[in-house]
Every structure is written in structure tokens, then in C-alpha cells.
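>>> Fold the following for me, if possible:
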Amino acid sequence: MTAEQLKVSRDHAAKYCTETLGYANCNMQFKQGYIEHLSDAGIEPESFDIAISNCVINLSPDKPSVLREVHRALAPGGEFY
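Numbering: from 1, shown residues only. Purely as a prediction, here's the structure:
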């Protein structure tokens with residue numbers, strides 16, 4: 001994502017979580033980094049319930065690293081889309 005895309009996403013996350021999804025607080029984050037190195041973006045082990053990759057994995061030259069990193073970041077029972 002570009003810096004502009006991240007800004008738009010971050011600017012709209014709170015309203016979407018509270019008004020559309022009905023949550024009391026926003027529980028969505030957008031981080032910039034490389035999917036092969038999620039820890040470099042500050043993503044801790046077992047810290048995510050859901051990881052969404054919209055057509056990113058196919059662009060990675062190191063798909064095994066992508067899958068390892070996502071598995072590391074997902075909490076037990078977490079889902080990857």
C-alpha cells in the first residue's frame with residue numbers, strides 16, 4: 001500500500017468499526033511493511049485474530065516466509081484470508 005492508501009484506511013477505520021460493525025471501539029490496524037517480515041512492522045507473535053491479504057502473497061518471491069510469518073502472528077484460532 002502507498003502512504004496515501006494507508007492514510008485513507010486509517011482515517012476511516014474507527015468510523016467503520018463503530019458505525020458499520022457496531023463495535024464500541026476500533027479494533028482494526030493498518031501496518032506498513034513486508035509480508036515476509038511482519039515482525040519488522042511491529043507485529044507480535046499471536047497478536048492478530050484475522051489476517052487479510054488481498055492479492056499480496058502472489059507478488060511475494062518467498063511464499064514460505066509469508067506463510068510462516070502469518071502463522072506466527074495469528075493468535076490460536078486466528079484466521080487467514
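>>> lowest-confidence helix or strand of the protein?
strand 48-51 (a mean of 91; mean pLDDT, DSSP states H and E).
>>> which residues are contacting it?
70, 73, 74, 75, 77, 78, 79, 80, 81 (Cβ atoms under 8 Å, 6 or more residues apart in numbering). Using the backbone N, CA and C atoms, a C-beta is placed for each residue, glycine as well.
>>> buried ones in it?
By neighbour count, with 16 or more other Cβ atoms under 10 Å as the criterion, the buried positions of strand 48-51 are 48, 51.
>>> Would you mind pulling up the elements that the following helix or strand past that strand packs against?
As assigned by DSSP states H and E, the chain's next helix or strand after strand 48-51 is helix 63-73. Here helix 63-73 touches strand 48-51, going by 3 or more Cβ pairs under 8 Å, 6 or more residues apart in numbering; DSSP states H and E.
>>> separation between residue 49 and residue 31?
As for residue 49, its distance to residue 31 is 15 Å (criterion: Cβ to Cβ, to the nearest Å).
>>> can you tell me which helix in this protein is longest?
helix 3-15 (DSSP state H).
>>> contacts for it?
Residues contacting helix 3-15 (Cβ under 8 Å, 6+ apart): 1, 26, 28, 29, 30, 32.
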